[in-house]
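Quick one, what's the 3D model for this:
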Amino acid sequence: MSIEGELVRVKILRCAIADGSGGAGELLDDRLEVACGEGAVRILELQRAGKAPMKAEEFLRGTPLKPPLRLS
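Model (predicted):
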């Protein structure tokens, strides 16, 4: 994922199927719902490289993400 021009590695630990559509990797809202080409997932728990696992809400407090943004 690229945040403010910096490439950030993130491991998705837990997610759930969500309603939504768009291009693969397209951020659909400010709660980490991401399009998968067909359908979407909401990221619930993730881990940045070298950091402890965290819930999506904790991640977004320190790194607010808003559409349009493409995760890859």
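
From here on, just use CA atoms for contacts and neighbour counts.
Fine.

Closest to the centroid, which residue in this structure?
Centroid-nearest residue in the chain: residue 32, 4.4 Å away (criterion: Cα atoms, centre = their mean).

mind listing the helices for the protein?
56-62 (DSSP state H).

Please pull out the lowest mean pLDDT helix or strand from it.
Scoring the helices and strands of the chain by mean pLDDT, DSSP states H and E places strand 2-3 at the bottom, with a mean of 68.

wouldn't the residue nearest to the centre of the chain be in contact with residue 45 here?
No: judged on Cα atoms under 8 Å, residue 32 makes no contact with residue 45 at a distance of 10.0 Å.

Overlap in contacts, those two.
residue 56 (Cα atoms under 8 Å, 6 or more residues apart in numbering).

Check the gap between the nearest residue to residue 59 once chain neighbours are set aside and residue 58 for me.
Sequence neighbours aside, residue 46 is the residue nearest to residue 59 in space, at 8.0 Å (criterion: Cα to Cα, 6 or more residues apart in numbering). Distance of residue 46 to residue 58, given as Cα to Cα, to the nearest Å: 10 Å.

what about the residue in the chain sticking out farthest from the centre, distance to residue 43?
Using Cα atoms, centre = their mean, the residue of the chain lying farthest from its centre is residue 50. It sits 17.4 Å away. Taking Cα to Cα as the measure, residue 50 falls 19 Å from residue 43.

That concludes my questions; thank you for your assistance.
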